[in-house]
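1. For reference, the sequence and a predicted model appear below.
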Amino acid sequence: MKESLLKQYKFEIIFFFSFSAVMMVIATFWDLQIDLLLNKSNSFIAMWFDKTGEMPASLLTTIALAFIVKCSEKMWIKILGFFATLVAGAFFGIWFGERLFTDNLYQTFFNVVFGVGFAMTVLFVLQFIVIHEKIRKPLIIIAVLGLLVSGAETLIVTGLKDLWGRVRFRSLERDFSNFTPWYVINTSQRAHSFPSGHTADAGMSYLLMLLPFVSEKCKEYKLALFSISFFYTNFVAVTRMMMGAHYLSDVVVGSLISFSLVLAAIALYENVAEKKLLNK
């Protein structure tokens, strides 16, 4: 009997949750002190990832839709997917432009043009890539799961931010009197520190862990797939603390949300998609 992918990732999963648990214990006692130590908002690296750290989530929708267009056999899906890809590209262009360029009406127009052009480029390049018939349906399923994971991550993070009302480090009073530990819900504050959206968005890179469903060869590199995502997400997390935007507990929970959703996607693929869709 074939071993499930979740079991094959057993070491990585145990390591991730153990690491996260240790970080949360540390954050429970020294959240504020760690930010005081790391705060360096004038760092070029911190400012760069403040602008670009969410890139995995921002690119995901456009690329996932483009693969659905490429791999689907149904013409109506291709047509709807094509226009959806262009719309997603436009939003990516707006997101990209607002972070790296000035935000005005004329610039927004060029940002949309850039985003649509990017989406069309992705669609065009994919037309010259040969994708074996055997892996087309798995790619479509992974693309759909990626979209679901991204949507769920956004809803969960936004909901928790609104519920927790935690004040960011850079917005604290000079005497830190309005600092609250992560386990205290403060609905009276209109603040959005907990959890970290940047870190959760960076954690969309954990979707790389689904690649073994496409190719058996990828299973040989499953540790690398996890490690690339883990180090990228945690690098973004550190820069969020450097910027004074988040505490250690904020970024750990942001990462936990994304990683848990990706594990749920793997389980969904194995227990539903693989059994009911791929065996048709």
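-> Yep, it's here.
2. Output the longest helix belonging to this protein.
-> The residue-count maximum for a helix in the chain (DSSP state H) belongs to helix 133-164.
3. quick one: residue 152 and residue 142, what's the gap?
-> Look at residue 152 and residue 142: by Cβ to Cβ, to the nearest Å, they are 15 Å apart. For glycine as for every other residue, the C-beta is placed from the backbone atoms N, C-alpha and C.
4. Compare these two (neighbour count), which wins?
-> Counted by other Cβ atoms under 10 Å, residue 152 and residue 142 do not tie: residue 142 has more neighbours, with 24 against 16.
5. Isn't the more buried one up against residue 213?
-> Yes: between residue 142 and residue 213 a contact is recorded at 6.2 Å, counting by Cβ atoms under 8 Å.
6. how big is the angle separating the helix or strand where residue 78 lies from helix 133-164?
-> Secondary structure assigned from DSSP states H and E places residue 78 in helix 75-100. What separates the directions of helix 75-100 and helix 133-164 is an angle of 50 degrees, with axes from the mean of the first three to the mean of the last three Cα atoms, to 10 degrees.
7. C-terminal to helix 75-100, what's the next element?
-> helix 105-126.
8. in that next one, what's buried?
-> Residues 108, 111-112, 114-116, 118-119, 122-123 are the ones in helix 105-126 that count as buried (16 or more other Cβ atoms under 10 Å).
9. same thing with stretch 25-32?
-> Quick answer for stretch 25-32 (16+ other Cβ under 10 Å): 27, 31-32.
10. which sections of the stretch 51-200 of the chain are below the confidence cut-off?
-> 101-106 (pLDDT under 70).
11. re the thing from before, list just the nearest of the buried residues of stretch 25-32 to residue 39.
-> residue 32 (10.6 Å; Cβ to Cβ).
12. Just give the closest residue to that closest one, not the sequence neighbours.
-> residue 179 (5.5 Å; Cβ to Cβ, 6 or more residues apart in numbering).
13. now do residue 99
-> According to Cβ to Cβ, 6+ apart, the nearest residue to residue 99 is residue 51 (4.2 Å).
14. and what of residue 264?
-> In space, and not counting its chain neighbours, residue 264 is closest to residue 149: 7.7 Å by Cβ to Cβ, 6+ apart.
15. gap between the one you found and residue 179?
-> Taking Cβ to Cβ, one finds residue 149 at 32 Å from residue 179.
16. higher neighbour count, these two?
-> Neighbour count, other Cβ under 10 Å: between residue 149 and residue 179, residue 149 has more, with 25 against 17.
17. thought that one was touching residue 263?
-> No: using Cβ under 8 Å, residue 149 is not in contact with residue 263; the gap is 10.0 Å.
18. For the stretch 151-280 of the chain, which segments count as helices?
-> Ranges of helices within the stretch 151-280 of the chain are 197-202, 222-242, 248-268, based on DSSP state H, counting those that start in this stretch.
19. Return the most buried member of those.
-> Counting by mean count of other Cβ atoms under 10 Å, helix 197-202 has the highest mean neighbour count of the helices of the stretch 151-280 of the chain, with a mean of 27.
20. Pull the residues that contact that helix.
-> 49-50, 53-58, 153, 157-158, 161, 232-233, 236-237, 240, 245-246, 250-251, 254-255, 257-258 (Cβ atoms under 8 Å, 6 or more residues apart in numbering).
21. what about 6 Å?
-> 53-54, 56-57, 153, 157, 233, 236-237, 240, 251, 254-255, 257-258 (Cβ atoms under 6 Å, 6 or more residues apart in numbering).
22. and if you look at stretch 227-236?
-> 49, 53, 198-199, 202-203, 205-206, 208, 255.
23. Likewise for stretch 38-57?
-> Under Cβ under 6 Å, 6+ apart, the answer for stretch 38-57 is 99, 150, 198, 201-202, 204-205, 236, 239, 241-244.
24. Tell me how many other residues crowd residue 18.
-> Using other Cβ under 10 Å: residue 18 sits among 10 other residues.
25. Which pLDDT value goes with it?
-> Confidence at residue 18, expressed as pLDDT, is 98.
26. which ones are touching it?
-> By Cβ under 6 Å, 6+ apart, residue 18 has no neighbours at all.
27. For stretch 208-228, C-alpha coordinates in PDB please.
-> Provided in PDB are the C-alpha atoms of stretch 208-228 (Å, rounded to 0.1, in the frame of the first residue of the first chain):
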ATOM      1  CA  LEU A 208       5.400  23.600  -2.900                       C
ATOM      2  CA  MET A 209       5.000  20.600  -0.600                       C
ATOM      3  CA  LEU A 210       2.200  19.400  -2.900                       C
ATOM      4  CA  LEU A 211       4.500  19.000  -5.900                       C
ATOM      5  CA  PRO A 212       5.100  15.300  -5.200                       C
ATOM      6  CA  PHE A 213       1.500  14.700  -6.300                       C
ATOM      7  CA  VAL A 214       2.600  15.800  -9.700                       C
ATOM      8  CA  SER A 215       5.900  13.900 -10.000                       C
ATOM      9  CA  GLU A 216       7.300  11.000  -8.100                       C
ATOM     10  CA  LYS A 217      10.800  12.500  -8.500                       C
ATOM     11  CA  CYS A 218       9.700  15.500  -6.300                       C
ATOM     12  CA  LYS A 219       9.400  13.100  -3.400                       C
ATOM     13  CA  GLU A 220      13.200  12.900  -3.400                       C
ATOM     14  CA  TYR A 221      13.300  16.600  -2.800                       C
ATOM     15  CA  LYS A 222      10.500  16.900  -0.200                       C
ATOM     16  CA  LEU A 223      12.900  18.100   2.500                       C
ATOM     17  CA  ALA A 224      14.200  20.800   0.100                       C
ATOM     18  CA  LEU A 225      10.600  21.800  -0.800                       C
ATOM     19  CA  PHE A 226       9.800  22.200   2.900                       C
ATOM     20  CA  SER A 227      13.100  23.900   3.800                       C
ATOM     21  CA  ILE A 228      12.800  26.500   1.000                       C
END
